Structures are given as structure tokens and as C-alpha cells.
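>>> Give me coordinates for this.
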Amino acid sequence: MSVVKSTIPDSARQVTGEALQSTLVDLLGLSLTGKQAHWNLVGPRFRSIHLQLDEVVAAARTFSDTVAERAAALGLPPDGRPETIASAFTLPGPKDGWVRDTDVVAVMVESLEAAIARLRERIEATAGPDPVTQDLLITITAELEKQRWMFAAEHVSRED
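Numbers count the residues shown, from 1 in each chain. The predicted model follows:
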């Protein structure tokens, strides 16, 4: 079996690999969290939140593929197996069963904030070892910040 040769040094590859794998877990988990909320959402703002959840899921799924392919391009086998995601995913998620629209908004804001904070740490960690991966993480962070803003604006509109 041949292994893809990395274009970056081993020390940089290790830092980059950890950042990419952790991001892959967060994104795959976030897509599952979004779908769980999507399927179990109830309340007067069902339609708008339902559609917003689809946007988060689509972004997370697209970026998870990009992250996995970046890892593979560097000779790092991405691990998106269900057991890996289940054991490593730690972002907040909705409770089981039906979830009120206000609770979905709150948990999505919380989950996105946690993902963004972790991405920012990875952005800093990859600045020297692999600016290409850093750029990818910056792009993902920008999209998740936009999604967080949209949910947060929905949350504020009901409280004020």
C-alpha cells in the first residue's frame, strides 16, 4: 500500500493533522446536531429555524469534506468513522425528543460559539506549520460565525 507523501515537514504535519482531525470531528458532529434539531424542532418559528438549520448542516458537511481532503492531501488519513465521532465529539447539542424553537436557537448559538472558539485556537496553532490549512480554517470560521450571528439575532429578537 502506498502512502501519500506530505509536502510539509513531519513536525508541521503533526500539528496540522491534529487541527484537521479535530475540525473534522466538530464539523461532522455539528452536522448531526443540526439534523437532530431539524427533525425535532417545534414552535411558532419552526419554518425559519428549520431552514436555517439546513444551512448549517450543508456548510458543515461541505467543509467536513474539504477538511478531510486537505488531510488526505498531506498524507494524513482522515477519520470520520461513527465511533470516532461518537467518542471525540464534545460540542453542545439538543436534548432528545421534541425541542422548542427557542431551545434550538440557544443550543445552536452555544454549539457554534464552542466550535468557533476551537477553530480560532487551531488557526493560531497552524499559522506557522501550515498557512494553507490555516486559511481553510479561517474560511470555515467565517461561515460558522455568520451562522452563529443568524441564530443569535433570532434569539435576541424574542428576548427584547
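
>>> any idea how far Thr102 is from Gln52?
Distance, Thr102 to Gln52, by Cβ to Cβ, to the nearest Å: 14 Å. To be clear about C-beta, it is placed using only N, CA and C from the backbone, and glycine gets the same treatment.

>>> which secondary structure elements does the worst-scoring helix or strand of the chain on mean pLDDT contact?
The helix or strand of the chain with the poorest confidence is helix 131-159; it has a mean of 90 (mean pLDDT, DSSP states H and E). In terms of contacts (3 or more Cβ pairs under 8 Å, 6 or more residues apart in numbering; DSSP states H and E), helix 131-159 is packed against helix 10-40, helix 46-73, helix 101-126.

>>> Thr102 and Gln52: who's more crowded?
The neighbour comparison of Thr102 against Gln52 (other Cβ atoms under 10 Å) goes to Gln52, with 21 against 16.

>>> State the number of residues packed around the residue nearest to the more buried one when sequence neighbours are not counted.
Spatial nearest neighbour of Gln52, chain neighbours left out: Met150 (6.0 Å); criterion: Cβ to Cβ, 6 or more residues apart in numbering. Met150: 19 surrounding residues under other Cβ under 10 Å.

>>> Name the nearest residue to the most centrally placed residue in the chain, ignoring sequence neighbours.
For the chain, the residue nearest the mean C-alpha position is Leu27 (2.9 Å; Cα atoms, centre = their mean). Here the nearest residue to Leu27 in space, its sequence neighbours aside, is Ser64; by Cβ to Cβ, 6+ apart that works out to 4.0 Å.

>>> Let me know the distance separating the residue nearest to the centre of the chain from Gly97.
Taking Cβ to Cβ, one finds Leu27 at 25 Å from Gly97.

>>> what do you get for Ala58?
25 Å.

>>> Look at those two and report which has more neighbours.
Each of Ala58 and Gly97 has its neighbours counted (other Cβ under 10 Å); Ala58 has more, 12 against 7.
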